[in-house]
Every structure is written in C-alpha cells, then in structure tokens.
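predicted model and sequence follow; I will ask about them next.
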There are 2 protein chains.
Amino acid sequence: MTYAPMMYAPMTYGVILAGGSGTRFWPLSREAYPKQLLKIFGNQTLIQATLARASRLIAPEQTYIVTHPSLAEQMRMQLPPSPQPHFICEPIGRNTAAAIGLAAIFLRKKFREGVMLVLSADHYIRDVGRFTEAVMACRALAEAGYLATIGARPTRAETAYGYIRQGRPLPDHSPASQVIRFIEKPNRASAEQYLQAGDTLWNTGMFAWNLSTILEEITHFLPALASGLSQIEQAMGTEDEERTLQEIYPQLPSISIDYAVLEKSDRLAVVPSDMGWEDVGSWNALDEVLPRDPDGNIITGNVVNVGSRDSILYADKRVVAAVGLKDIVVVDTDDATLVCSKAVAQEVKKVVEVLRGRAGDVHRVHRTVIRPWGTYTVLEEGACYKIKRIMVHPKSKLSLQSHTKRSEHWVVVSGTARVTCGESVYSISANQSTFVPMGVKHRLENPTDEPLQLIEVQSGNYLGEDDITRYQDDYGRQVAPMEAAPAEGAPAEGGVLRARPMDSRGGAGL
Amino acid sequence: MTYAPMMYAPMTYGVILAGGSGTRFWPLSREAYPKQLLKIFGNQTLIQATLARASRLIAPEQTYIVTHPSLAEQMRMQLPPSPQPHFICEPIGRNTAAAIGLAAIFLRKKFREGVMLVLSADHYIRDVGRFTEAVMACRALAEAGYLATIGARPTRAETAYGYIRQGRPLPDHSPASQVIRFIEKPNRASAEQYLQAGDTLWNTGMFAWNLSTILEEITHFLPALASGLSQIEQAMGTEDEERTLQEIYPQLPSISIDYAVLEKSDRLAVVPSDMGWEDVGSWNALDEVLPRDPDGNIITGNVVNVGSRDSILYADKRVVAAVGLKDIVVVDTDDATLVCSKAVAQEVKKVVEVLRGRAGDVHRVHRTVIRPWGTYTVLEEGACYKIKRIMVHPKSKLSLQSHTKRSEHWVVVSGTARVTCGESVYSISANQSTFVPMGVKHRLENPTDEPLQLIEVQSGNYLGEDDITRYQDDYGRQVAPMEAAPAEGAPAEGGVLRARPMDSRGGAGL
C-alpha cells in the first residue's frame, strides 16, 4: 500500500479503532486475525484501506491505532515500515467509550490539546472525495467546540445500522445540523419510515472533537470511566504505567461512546454525507459493496456453481460446488467451512462461541499463521507428529530456539536454508534435508534473495507452539532472560503506551 | 464383514451389478471410488452389505460381481479373502442390458443352465427377512420360466423411482402377479395416483430368470446385443478372449434391460414386497434411510449446527458450521465441498461434468487413496514438491520401484520401516528419516505387527503418479516386463473373464 499525497492540518490526530474480535467473519477471520487484517474487498486489507483513506487528512505519524498488542504486531507487518502509525494497546477490549477515552488521555498527555478524529477500521467508503469533505467539515465543527459526527444518507431501509435524527441546521457549518436523537437498530417498518422522511441518517461512528471537549463530556456523563482514565493518566510516563494500565483498564465500564456520552450531550452536530458508507458487520454486508454476477452471486476462488442465485460463494484452493442455492453464504477455508443463510448471518458469532468450548483452535487462528519472518501452515497433526509448510522471507531468520519435547526434520522444497544446529552452521538446498534433535539450540535462516520453502515434520509427545525457548530474536519477541541477546535490526519503537507490541498469546511458537 | 449362515440352492447364481460411476454422491464418491465402496449408511460399505444380504441365498463363491476392473480391485480389499465372489469385468459401462447379457453368457459357458439372480450394489433394504422371501419367490418363478422381478410396495409418492403396474394374480405363485406395464419416473400427480391405487409397485431392478430364458428374450428383442455377446462367447476360453471383449463390448448397445427387453416380454412376473427398499440414488435419498435429529437433520462428523433444519450435514475432520439452513445438503471432504439444495440433488452430477473439464483430479480420486498395502494421502502439492502421508499395513510392502523424475524423503512418524534403497536394506523408526535419490530402485516395507506411518516429501519437476517403474509387486500389479519377478502371495485367481483385475488407470502410482 501507499499513502496519498496530502496537506496535513496541525494539531489534528487520527484515532483508528481497530480492536474488533473477528467473530462475525469467521472462518475467514479468527480471534487472533480479525477482519481488520483481511482483504474483505479489493486488494487492501481493511486497516490498510483505512489508513490510505485517512492519509489525505492525517499523516501516518499523527495516527494512533487503538487495538490489542497481538493485532498491532500483525498490522505493523501490513503497513509500510516508514512512516508507521502509532499503536495504543488495550489489554482487553472494553468497547468504544474506554478506547476513545484512553486515546484522548494519551493525546492530552502528549500534546495537551488538538482535534481528535475517530475512525473505524472496518468501514467501506465508496467515495473518498466526499469522505474527505465530510471529515474536514467535522474538523471545523470540532474546533468550534462541537462533538461532530458524520451521518451517511440512507440508500435503503437497513435494519442493521443505528440512525441519527437531524435537528436544526447550523448555518455557519452548512450542511451540518444539530442532532435530535440517536436511534438504535430499528425494525423494518421504522427503517422504511426513516428512509422516506429523509431527515434521518445512518450513524457511521466516525467523530471529531477537541480532546478537552470529549474528556469534559466523559467526566460529566460517565464519571466512572473518567476516574479510571485519570488513574492511568497519572501513571503515564512512570514505571507504574504498564502495571496501572493492566490493572485499571479491564475494570473500566464497557459501554459504547454513543450510548454513554453522545446521546446525552447537547454539543452534538452531524454532517450528512453521500460518501457510500457501509459498516462491514457480517457476511451479507458484502452484497452492498462487491459486484455481483448476473445471477446475483459474489463468487471468489475455486467454485463450481450450478444454478445458485444471490449467494456469496468463497473458496480458496479446495473445490466448492454450489448447487441450486438461494441466499446462502458459503465460506470455505483450509480448516473450516461456513454455510449460512444470509437472513441470519449475524448468528455466525454463535458458531465461534460453540468452538471456544471445544477442543481445537479453529476459532482463534488460521491454518496459515503470519510471522514477521514469513509464514507457517499446519498441514496435518497426528498423535505424535505435526507437519508444517514453512516459508521464510528473503534475508529473514527465525529466532535461535530450542524445544524440550520435540525433534524436527526439515526438507527444503525450494530455495536455500542456512541452518544452525548446535555448534554446526551449514546450508541445505532444494531436495536436501536435516534433523534437529530434541533440546538442541537451532535456527533457520534464509540468507538468499528468494523465498525459502521447506516442510517441517515434528515428532514428539507434545507439539504445542509454547514448547519454545528463544535465545535471540530479530523481532523483539521475548527471549530467555538469562541468555537474552540484543535484537538486531528491530524496528524503532513507536511513541505508544506499550513500547513494543508483544505477542501476548503466551509465547506462540517459531 | 461376515456372511450369514445359509442353505444354498444348487444352480442359482448371484449377479451383482456394481459398475456405478460415482457422480451423484460426489464428493464422498469419486469416479475411481463410487458409492458401492462407501459406507453411506451403517458400518458396511454398499458392496459389503449387498453380499452379506445375499449370502443367505447365494454362496459368495456362486456370486459374480459385474464391474470395472479398477473397482474390482477395491472391492476385493473390502471383502473377506475367502470365500471371495468372482468378478466379471466390463471394459467400460454399457448399461444393464449389456452387463446382464455378459454375465448370462459367462454363466452359460461355465454352467450351461441355472437361475441367475440379479441384484444391485446400491440398494438399501430394511427388512432382510422379507427380502429373502421375495427372492425365493422369484427363484421359483424363474424355474417356472418367468422373468421374475421384485416390486416394492410404495410408501410415498416418490418421483425418483420407476413403477410396475401389477396384472392378473398368478395363483400358483401367490402373491406374485403378471405385469401390465413398466412406468418410467412419473410426475408428482401420477405418483400420488399410483400410491392411492395400490396396484402399482416400485421397480427395484432386482430380477431372477433362467439363463436360457433371458438369453432367448435378448435374442428376440435386442438382436444387436445378442450378436455381440455371441462373438464374445465364442472367444471365451481362447487366447482371443481379452482382445474380443475389449473390441466388442464397447460397441454393444447401451440400454437398460427394462427398456430393451422386460417392457416387451410377455413372460414377466412381479413379486410384491414390503422389504423397505430404497434405491440410494442421490444425497437426499439418505432422508429415507438414516435417522434424523429432532430438527430433521442428519449430522455426521465435526459439525456445528446453529438452527439448521431438515438438512444433511456431513463433515470429516475439518469443522463445518451450518447456520440457519433449511433443506440443504453439505458434504465436506478433504479436498472438495458440496453445498446443494435438496430439491436439485440430482444435479450434483453436473458438478462432476464441470470438474472433468478442469485441471485436477477431484472428480476422479479422493485425497486418500486406498491400496492393497495401505493408504496414501496427498497433504499438499506445490510447483516442485508433493507431500504424502503414507500408512502401510502390518506385514505389507509396496512394490520394488523407481522414479525417473523425483526423489523422495521419508520421515517415520510411527512404527518401523524396512527400507530398500539401491543395494542397501535398513530399518528406520519413529523420528528417523531417509532419502531415496532419483532413479534409485527402492522399496518400503512394514515388517512389524503395528501399522507404519510416515511422511513422504517428493521433490522433482514432475510428480505424477505415473512416473513409476515396478520391478516386483506383491499384488500382481504390472511390473516392468524385462525385469518382472513372480508375485509373492498374490491371491488366487478367480474364475473370471479377466484373470486378475488390473489397475486400468495407466499405472497409478505406489
């Protein structure tokens, strides 16, 4: 991805809410890889698209992404190495009021005042020009002391979105107006009525306000949040920062900013826009944003369609045959398949709940896991063995590591690997193999300019990713304290609460 | 499987038609592995169930299965080694008239006369006692010179079956009657009428007749078939047998015995039965034979169901989530997924037609291929590599072989392998590996009493199964003519047209 050329306004900070949990786009999304990281439409992931769109208005280095540390790690890999946005890491998700509050105190501590523009990482916007205009109108409102929001003019009687009823026009800020009230997701009849009336907009969840304005309103309407944020703010920059955040944040009220603050405030203004906005909230939302074939289908990948209509058919490498379907979503991935009636696409999250209660990881991770050095794909797991395809980027290496409960065979299928195994260092190329005995310190490296692909066969009684001791790592991942060596070439730390996002999933492997 | 104890009648020969093509149960069935070989319901494959059911009436050694040579090979593996039925191998499928004619001339050549009982390998029969009674009634009719058939009393207005209208009762053979006419698959209204009328039966396609009777009728009503069969019969037992069969059989008229002969004959009798018969012709036929859950679903394997009803949900190891479906068939296999509306389950064959025209083998074979020595599963294929999991039965070995275009790495994950590689013979156990260079004669053997599992990583520019030269094989598969060694322990040859069914798919590998 590349950023757009732009004119930056001083003292305007972008805050992108990107903490989504990845349940409603399962199995394409997983808990550890939610939709922000996916190319749901087009050739950019949602976080890439969000940053590219915002880059006309806010420089990446003035942009702050609020998310979970493990997702920050993944997003870093998707964004250009420089300039990179900053990450504000929540220990856990606590809804939008807490996320916005955390970003606001962080920005106040750092910059004292300025306009905070709140965007979301899971929106689709057709017309970037109109989006830019609407955001600029919001910024002007924010500077004038308003809590400004963008309202998208409805194009259909949608029941999956909240609405905003427009009040009196604000002549100094045309076409903005005051807000009469927020309306939660309506029933079909009400949605039809709003569409007819023409004075009711979709609530996009995009906002702009002065740091002081929003923090005043939070203090007024949600004192419990304000008090917790105040404790975190006091600890910022001290050695208690991390501990305080970990302790206080999970106890903050979990409530949306709309419900807790905006609906109650009298400082609200809304800017109507025809930007072609959609909240990509579930599989059937794709119908609004992707082109359909003459039978109304959206088809991706290796699909054989015999007479299906108005269906979303997503395949990857495996063949998916769809015969005589109507209004069905089929999403087939390496390790899980979803078949869902469009009418109940929201229910997909229940599948994830069921899977959480079962053995296995299919709700949490993909079969292919992306690491800073490349990827690995679990091809098969048996009682005492696990088979992975490993791809190592040119000039990249895994950590120097050892395992206590497994040995590993590596067979190179393309490229050349430099292998450290105990005291030996040697190269193996396509069609050669090597063996790493249990307990032996080893490292896999691709010193060439071509990708390295190899097959790893693990043998042992325990094959969990957490059987790993790291001695040195290029990517700043936790290494064994006694033997830690400084990371070579680790990216510069961003000005974020947590200096570096770490993989918080308990030392996930490789 | 085990056969039932029985009293055999002399001069009665069972002929089981088992040449089905495996398109309508795709992706569970494949062209090279049709439904006869699958456990569609219960714990027996359809061919096992057919033989077990027939074994009360016909000894296995008096039973002749008409099928394709490659399927005969697979069926042999599913049936007890002794006594085994015989196989009559058709070079290609030419519908039921040719298959029955071929069996009839073969039996006439061998036994001169007798009753030929024709069964099908893809039937479900709930009440084996009533089946036995009906067959015995048919046999008596056959001995009296009739072309006898079993008619199942309809239990619903089924439009997927043909019907038989009963005529005048045959008092000497109560409850049998003459036949007024055969009726092809009716529309819904006609089917309702037949159900009401009570004098119309489902045409089961199970028959009994004297060899002389059916051959006379074929000569009378289908002289083109009779003439072709006569040429084949004359070549039987001569060195021209195989060549004549290969030449003549594909040119025989492809027509059903019902349409070509039975509908025209006046020697027909039908035995009504309440045996609970179903022709398992497509996925939705399972609704009639398998138990359903309280929501009307038939669920197998790793399925998460959220509110689906009246659906057939089949998963294997991978997770299948079904959300809010109604009357949908989902069949998820290792390499292909079917999602199909029950109303058009017959259309699945169109998927197979489309796949035939595409690159790949997913219409033809499973990811796991069954061999006499064990199984192999393709885990992944890349540009220059292929990864297989190989399982070798205790005390079994693959052929002594070599490949001209690939080398192979083997990593044992459980058990112990005896490896022949060039002039060396050695053992490797779990957690050990070996390398077989391109062109080197090699053999993999499991000399132990436990299954052997290993991972094979193939490297090379061409990885087709046909890059194999066999030097010795335990299972009578074609070996390189110059170096052929006698097969050790190959099963005794059956009294069949083709002495041993060979894999006719052009030297498929291992």
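Done, it's in. Numbering: from 1, shown residues only, chains lettered A, B, ... in the order given.

can you give me the strands for the stretch 351-500 of chain A?
A:368-371, A:374-381, A:385-392, A:396-397, A:400-402, A:406-414, A:416-421, A:424-429, A:433-436, A:442-446, A:452-460, A:469-472 (DSSP state E, counting those that start in this stretch).

so which of the ones you listed gets nearest B:Arg165?
strand A:374-381 (55.8 Å; C-beta to C-beta). All C-beta atoms are positioned from the backbone trio N, CA, C, and that covers glycine.

how far off strand A:452-460 does the closest one point, in degrees?
40 degrees (axes from the mean of the first three to the mean of the last three C-alpha atoms, to 10 degrees).

adjacent strands (with direction) for strand A:374-381?
Applying DSSP bridges to the sheet, strand A:374-381 is found paired with strand A:368-371 (antiparallel), strand A:385-392 (antiparallel).

rank those by pLDDT, which is bottom?
Lowest mean pLDDT within the strands paired with strand A:374-381: strand A:368-371, a mean of 88.

list the buried residues in the strand or helix carrying A:Ile105.
Element membership for A:Ile105 (DSSP states H and E) is helix A:95-111. For helix A:95-111, a neighbour-count test (16 or more other C-beta atoms under 10 Å in any protein chain shown) marks A:95-108 as buried.

kindly report the same for stretch A:315-327.
A:315, A:318-325, A:327.

least confident pick among those?
A:Arg318 (90).

can you verify my assumption that that residue contacts A:Asp332?
Yes. Counting by C-beta atoms under 8 Å, A:Arg318 does reach A:Asp332; the two are 6.0 Å apart.

overlap in contacts of the two?
Counting by C-beta atoms under 8 Å, 6 or more residues apart in numbering or on different chains, the common neighbours of A:Arg318 and A:Asp332 are B:Thr337.

most tightly packed of the strands paired with strand A:374-381?
Between those, strand A:385-392 has the highest mean count of neighbours, a mean of 22, where neighbours are mean count of other C-beta atoms under 10 Å in any protein chain shown.

that one versus strand A:416-421: what angle between them?
Using the same axes, to 10 degrees: strand A:385-392 against strand A:416-421 is 120 degrees.

what sits against A:Leu225?
A:97-98, A:101, A:218, A:252-253, A:255, A:260.

could you redo the last one with a cut-off of 6 Å?
Neighbour list for A:Leu225: A:97, A:101, A:218, A:252-253 [criterion: C-beta atoms under 6 Å, 6 or more residues apart in numbering or on different chains].

so it, which of the three states?
helix (DSSP: H, G, I helix; E, B strand; the rest coil).

where does the prediction get shaky in the stretch 351-500 of chain A?
A:478-500 (pLDDT under 70).

residues from chain A in reach of chain B?
Proximity of chain A to chain B (C-beta under 6 Å from any C-beta of the partner chain) is limited to residues A:304, A:306, A:318-325, A:330, A:332, A:335-341, A:344, A:347, A:350-351, A:354, A:362, A:379-380, A:385, A:387, A:407, A:409, A:411, A:413, A:431, A:433, A:455, A:457, A:459.

once you drop chain neighbours, what's closest to A:Val319?
B:Ala336 (4.3 Å; C-beta to C-beta, 6 or more residues apart in numbering or on different chains).

tell me the confidence at that neighbour?
94.

got it, and A:Pro80?
89.

which SSE is it in?
Counting by DSSP H and E, A:Pro80 is found in no helix or strand.

on that earlier part again, which among the residues of chain A next to chain B count as buried?
A:304, A:306, A:318-325, A:330, A:332, A:335-341, A:344, A:347, A:350-351, A:362, A:379-380, A:385, A:387, A:407, A:409, A:411, A:413, A:431, A:433, A:455, A:457, A:459.

how about the buried residues of stretch A:315-327 in TSV, adding secondary structure?
Below are the buried residues of stretch A:315-327 laid out as TSV (three-state DSSP):
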residue	secondary structure
A:Ala315	coil
A:Arg318	coil
A:Val319	strand
A:Val320	strand
A:Ala321	strand
A:Ala322	strand
A:Val323	strand
A:Gly324	coil
A:Leu325	coil
A:Asp327	coil
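
nearest to B:Tyr194, of the strands of the stretch 351-500 of chain A?
Closest among the strands of the stretch 351-500 of chain A, using C-beta to C-beta: strand A:374-381, at 51.7 Å.

return that closest one as PDB; C-alpha atoms alone will do.
What follows is strand A:374-381 as a C-alpha-only set of coordinates in PDB (Å, rounded to 0.1, in the frame of the first residue of the first chain):
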ATOM      1  CA  GLY A 374       7.400 -15.400   6.900                       C
ATOM      2  CA  THR A 375       4.500 -17.900   7.400                       C
ATOM      3  CA  TYR A 376       3.900 -21.400   8.600                       C
ATOM      4  CA  THR A 377       1.000 -23.600   7.700                       C
ATOM      5  CA  VAL A 378       0.000 -26.700   9.700                       C
ATOM      6  CA  LEU A 379      -0.700 -29.300   7.000                       C
ATOM      7  CA  GLU A 380      -1.500 -32.100   9.400                       C
ATOM      8  CA  GLU A 381      -1.500 -33.100  13.000                       C
END
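
chain center to it, what's the gap?
22 Å (C-alpha atoms, centre = their mean, to the nearest Å).

same question, stretch A:288-301
25 Å.

ok, stretch A:154-165 next?
Counting by C-alpha atoms, centre = their mean, stretch A:154-165 comes out at 25 Å from the chain centroid.

quick check: mean pLDDT of that stretch?
On average, stretch A:154-165 scores 94.

can you list the residues that contact it?
A:151, A:179-185, A:188, A:191-192, A:194-195, A:200-203, A:270.

between the two ends of that stretch, how far is it?
With C-alpha to C-alpha, to the nearest Å applied, stretch A:154-165 spans 12 Å between its terminal residues.
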